[in-house]
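A.B. asks: Provided below for reference: sequence and predicted model.
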Amino acid sequence: MKIFIKLFFVLTASSTFSFGQASDKFNKTIGGEGTLDVCSFYTPLISTDTYGLNVDFKFYPVKSLATGFCASIANRKIGTAFQYTIGQPIVYYYEFGWINQYDVLQKDRLRIGLNINNGISYSELGDNDVKVKYWTRYGAGEKAKIISTNYFYLLEPGLDINVRLFSHKHDPDFYLTLKTKYRFVFGDIKYGQRSDFTNFYFGLGISAIGFFDKK
């Protein structure tokens, strides 16, 4: 993990130097650009392959620098109940954070950004054999009974790569997006170990970039 952190900052510095002089008409954006990412993601969670949904919204107040909201949600049946008596263990996992990004490359067809997500995450251990009802504005639903919950502070450095699929005069344009991150969590553990929730994170999806872009 220390190697990954060092590599992250080395890449940031080297990429800034390498691409600092690169420019084209697309890279002359002066700010005001917005991006919306909708991705599926994969991450090992409690030694189990886990898949979920990620949504990011970022705003560029100035060229190359973005800030915004990041959320990821997943659930997965697991093979261990830890110290609890559970019929069918299931884990619900949530991340909510504030993401800051520096784009080391902004080309017409390719964008590369280094980012870091600071926020909170929590993981609920439930018994899928026991259902409880919950209510929303759309009606009633069912969810596994929650047995225990871990709350964490989240620190997640990452890399986003966007390849343009379709251009609509930047109002917006659509990109294929690849995300790779490494998740660090800090906090008290009620079940499992912190290493069960610390791991790589890979995402793949679509980004809409542009919206209220100022030229």
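C.D. replies: Looks like it arrived, so ask away. Numbers count the residues shown, from 1 in each chain.
A.B. asks: Three-state assignment for the residue of the chain positioned farthest from its centre, please.
C.D. replies: Distance from the C-alpha centroid of the chain, by C-alpha atoms, centre = their mean, peaks at Thr85 (32.3 Å). Of the three states, Thr85 takes coil under DSSP: H, G, I helix; E, B strand; the rest coil.
A.B. asks: any idea of the pLDDT on it?
C.D. replies: Looking at Thr85, its pLDDT reads 93.
A.B. asks: downstream of the helix or strand hosting Tyr51, the next helix or strand is which one?
C.D. replies: Using DSSP states H and E, Tyr51 maps to strand 48-62. Scanning forward in sequence from strand 48-62 by DSSP H and E, the next helix or strand is strand 65-77.
A.B. asks: pretty sure Ile209 contacts Thr35?
C.D. replies: Yes: counting by C-beta atoms under 8 Å, Thr35 is a contact partner of Ile209 at 4.7 Å. (Each C-beta comes from the backbone N, C-alpha and C, glycine too.)
A.B. asks: tell me the secondary structure of Ser195, please.
C.D. replies: helix.
A.B. asks: residues near it, how many?
C.D. replies: 11 (other C-beta atoms under 10 Å).
A.B. asks: separation between it and Glu95?
C.D. replies: Distance of Ser195 to Glu95, given as C-beta to C-beta, to the nearest Å: 17 Å.
A.B. asks: Glu124 reaches Lys145, doesn't it?
C.D. replies: No: the pair Glu124 / Lys145 is not scored as a contact, 10.0 Å apart, by C-beta under 8 Å.
A.B. asks: in the chain, what spans have low per-residue confidence?
C.D. replies: 1-31, 212-215 (pLDDT under 70).
A.B. asks: show me where it has its strands.
C.D. replies: 33-45, 48-62, 65-77, 89-106, 110-136, 139-166, 173-186, 199-210 (DSSP state E).
A.B. asks: the first one: partners in the sheet, and parallel or antiparallel?
C.D. replies: This means strand 33-45. Strand pairing for strand 33-45, determined by DSSP bridges: strand 48-62 (antiparallel), strand 199-210 (antiparallel).
A.B. asks: just name the most buried of the ones you listed.
C.D. replies: Most buried of those, by mean neighbour count (mean count of other C-beta atoms under 10 Å): strand 199-210, with a mean of 18.
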